[in-house]
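J.: Here is my input, please return the structure:
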Amino acid sequence: MFRIYFIKKVINLFDYFQQKKIFNYLKKRLSDKVTLIDVGAHHGETINNFLNNFDVLEIHSFEASPENFKILNKKFKDQKRTKIIINNYGLSNKNRELSLYQFTESSSSTLSEINRESKYFKRKLKILGLDKKDNFYENLNVKLYLLDDYLDNKKIDKIDLLKIDTEGHEYYVLKGSIKSLPKIRFIYFEHHYDDMLDKGYNFSEINDFLESNNFKKVFKSKMFFRKTFEYIYQNSML
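T.: Numbers count the residues shown, from 1 in each chain. This next block holds a predicted model:
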């Protein structure tokens, strides 16, 4: 466990500089009080980035994992600086329940099927000091809903930034947001190019979907140590 903790600290250090680059880009374009959607909140890392970089009106945050949510809720249940709403469920393209792979290294938890024979997966286990026989994940049933329904219920008619970090479920979150896309200014998400996750879609499907709904790619950056890129798309109609 110490090895996992140490490696996570190292990755977090590099991710700090990655996030700084992204939020410097966004800060130049989001200046007024902003409403933010955080899908895949994990332990609240992006919430802190939002609070530190923007004049926040509201943050609506979603974390499907009950294990991750315990830590998230403890951190922000008494938040006084702004309106933060944290929800213990995920988002998808339809209302349903799915099995989540809750990893020992919790930020990698995913709804996607895992290709245990992939080189990337085997290398990840080796780096983390885990053996295939180790209990490196557990299966948890989680609930998923549509962002469209959530925004309708909350009567939210403007979103400055939609952030999605769901370890291979990003496309389905977007599909469940199709009615809401005209009122979203920026979408910030990551995409995994490794063969560890069986996502059921590829990047071109995300790109085509967003372009067909008036979004244009304006930012791209590779994450350290991973076959993963982060993207920002802007609504050309807003």
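
J.: Met237 is in contact with Lys216, isn't it?
T.: No - using Cβ atoms under 8 Å, Met237 is not in contact with Lys216, being 10.1 Å away. Quick note: C-beta positions are derived from backbone N, CA and C, even for glycine.

J.: Show me which parts of stretch 218-235 are buried, residue by residue.
T.: By 16 or more other Cβ atoms under 10 Å, the buried positions in stretch 218-235 come out as 226, 230-235.

J.: so which of the residues you listed comes closest to Asn153?
T.: Checking the buried residues of stretch 218-235 against Asn153 by Cβ to Cβ gives Asn235 as the nearest, at 22.3 Å.

J.: which residues in the protein form strands?
T.: Taking DSSP state E, the strands of the chain run over residues 34-39, 56-62, 83-87, 90-91, 96-103, 113-114, 137-145, 159-164, 184-192, 197-198, 215-222, 228-235.

J.: residues in contact with the residue lying closest to Asn95 once chain neighbours are set aside?
T.: In space, and not counting its chain neighbours, Asn95 is closest to Tyr145: 5.3 Å by Cβ to Cβ, 6 or more residues apart in numbering. Residues near Tyr145 by Cβ atoms under 8 Å, 6 or more residues apart in numbering: 89-92, 95, 176.

J.: Can you list phi and psi of the residue nearest the centre of the chain for me?
T.: For the chain, Asp165 is the residue whose C-alpha lies nearest the centre (Cα atoms, centre = their mean; 1.4 Å). Asp165 adopts backbone torsions of phi -140, psi 90, taken as degrees, to the nearest 10.

J.: wait, it sits on Val39?
T.: Yes - with contact defined as Cβ under 8 Å, Asp165 and Val39 form a contacting pair (7.1 Å).

J.: For Lys21, which non-adjacent residue is spatially closest?
T.: Spatial nearest neighbour of Lys21, chain neighbours left out: Ser221 (6.5 Å); criterion: Cβ to Cβ, 6+ apart.

J.: same question, Glu190
T.: Leaving out its chain neighbours, Glu190 is closest to Glu230 (Cβ to Cβ, 6+ apart), at 4.8 Å.

J.: what about the one you found, distance to Leu238?
T.: Distance of Glu230 to Leu238, given as Cβ to Cβ, to the nearest Å: 21 Å.

J.: Check the gap between Asn202 and Glu170 for me.
T.: Here Asn202 is placed at a distance of 12 Å from Glu170 (Cβ to Cβ).

J.: How about Leu36?
T.: Distance of Leu36 to Glu170, given as Cβ to Cβ: 17 Å.
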